[in-house]
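**Student:** show me how the following folds:
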Amino acid sequence: MSSEKQNGSADPLPELLEELEPQLKQLLARFRIPAAEAEAMLEDCLMVLIYRQDQIVDPRRWLQRTLRYRCVRHWRQHQERVCRALDIELRRWLEDEGVSASERQGRRRLLEREIERLPSPCRPVLRARLELEDGGGSSTRATGPSRHRSRRINAGHRDPYNRCLTRLMRQLLQNAQSGLEKVKILSASPP
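**Tutor:** Coordinates of the predicted model:
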């Protein structure tokens with residue numbers, strides 16, 4: 001900022017934005033931030049830059065790094081919301097009282113088979129959270145859900161359960177898609 005002050009420029013912000021515009025646009029595009037949210041993020045960063053300009057040594061670098069951090073945080077928070085919704089739906093599916101007990105057991109076995117195909121660090125995390133460690137017995141079901149539902153997920157830290165749940169969901173989707181492809185192939189072939 002001292003070089004701009006020496007040149008007599010009263011407000012270096014427009015020049016800084018003009019200079020960094022291609023890099024900032026590229027950064028926002030790389031993270032696929034929607035236009036309205038990108039504009040809000042950039043405005044927030046600029047407000048902080050204005051208020052803290054005396055404390056920031058290199059505004060160019062600070063602005064790029066801060067915007068990148070906010071983009072990463074945006075997608076982590078998005079993943080947290082998706083994982084919370086998936087967790088709720090998966091639990092409802094497992095505990096659905098509208099189906100028979102044998103159907104619920106079948107769902108648990110299906111999920112257990114899919115969990116077995118995941119990397120070993122994910123298995124205990126998912127089994128514990130989804131209460132599959134004892135095969136879905138009644139002793140865990142009575143106390144487990146209330147304990148887990150009260151757990152708050154901190155958006156600032158990456159949750160191992162969320163990573164494992166994401167892997168499980170990707171695997172289930174791939175299996176469903178490959179199953180659909182098999183059905184398409186079977187239906188296309190003559191009898």
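
**Student:** pick out the residue closest to the middle of the chain.
**Tutor:** Nearest to the mean C-alpha position of the chain, by Cα atoms, centre = their mean, lies Gln79 at 1.6 Å.

**Student:** contacting residues around that one?
**Tutor:** Applying Cβ atoms under 8 Å, 6 or more residues apart in numbering to Gln79 gives the contacts 162, 166. Where C-beta positions appear, they are placed from N, C-alpha and C, glycine not excepted.

**Student:** check which helix or strand it maps to.
**Tutor:** For Gln79, the host element (DSSP states H and E) is helix 59-94.

**Student:** report the buried residues of that helix.
**Tutor:** By 16 or more other Cβ atoms under 10 Å, the buried positions in helix 59-94 come out as 59, 62-64, 66-67, 70-71, 74, 79-80, 83, 87, 90-91, 94.

**Student:** after it, next one along is what?
**Tutor:** Per DSSP H and E, helix 59-94 leads on to helix 101-116 as the next helix or strand towards the C-terminus.

**Student:** which residues of the protein score low on pLDDT?
**Tutor:** 1-10, 133-158, 179-191 (pLDDT under 70).

**Student:** again, 90 this time
**Tutor:** 1-14, 131-159, 169, 171-191 (pLDDT under 90).

**Student:** which SSE is Glu21 in?
**Tutor:** Glu21 is located in helix 13-30, with elements delineated by DSSP H and E.

**Student:** buried ones in that helix?
**Tutor:** Within helix 13-30, the residues scored as buried using 16+ other Cβ under 10 Å are 16, 20, 24, 27-28.

**Student:** could you do stretch 48-55 as well?
**Tutor:** For stretch 48-55, the neighbour count (16+ other Cβ under 10 Å) marks Leu49 as buried.

**Student:** dump it to PDB, restricted to CA.
**Tutor:** Only the C-alpha atoms of stretch 48-55 are listed here, as PDB (Å, rounded to 0.1, in the frame of the first residue of the first chain):
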ATOM      1  CA  VAL A  48     -12.700  -6.600   5.300                       C
ATOM      2  CA  LEU A  49      -9.800  -5.400   3.200                       C
ATOM      3  CA  ILE A  50     -11.100  -1.800   3.500                       C
ATOM      4  CA  TYR A  51     -11.500  -2.000   7.300                       C
ATOM      5  CA  ARG A  52      -8.100  -3.800   7.800                       C
ATOM      6  CA  GLN A  53      -6.000  -2.200   5.100                       C
ATOM      7  CA  ASP A  54      -3.600  -0.800   7.600                       C
ATOM      8  CA  GLN A  55      -2.900  -4.300   8.900                       C
END
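
**Student:** helix 101-116 and the helix holding Gln79, what's the angle between them?
**Tutor:** Here the directions of helix 59-94 and helix 101-116 differ by 150 degrees (axes from the mean of the first three to the mean of the last three Cα atoms, to 10 degrees).
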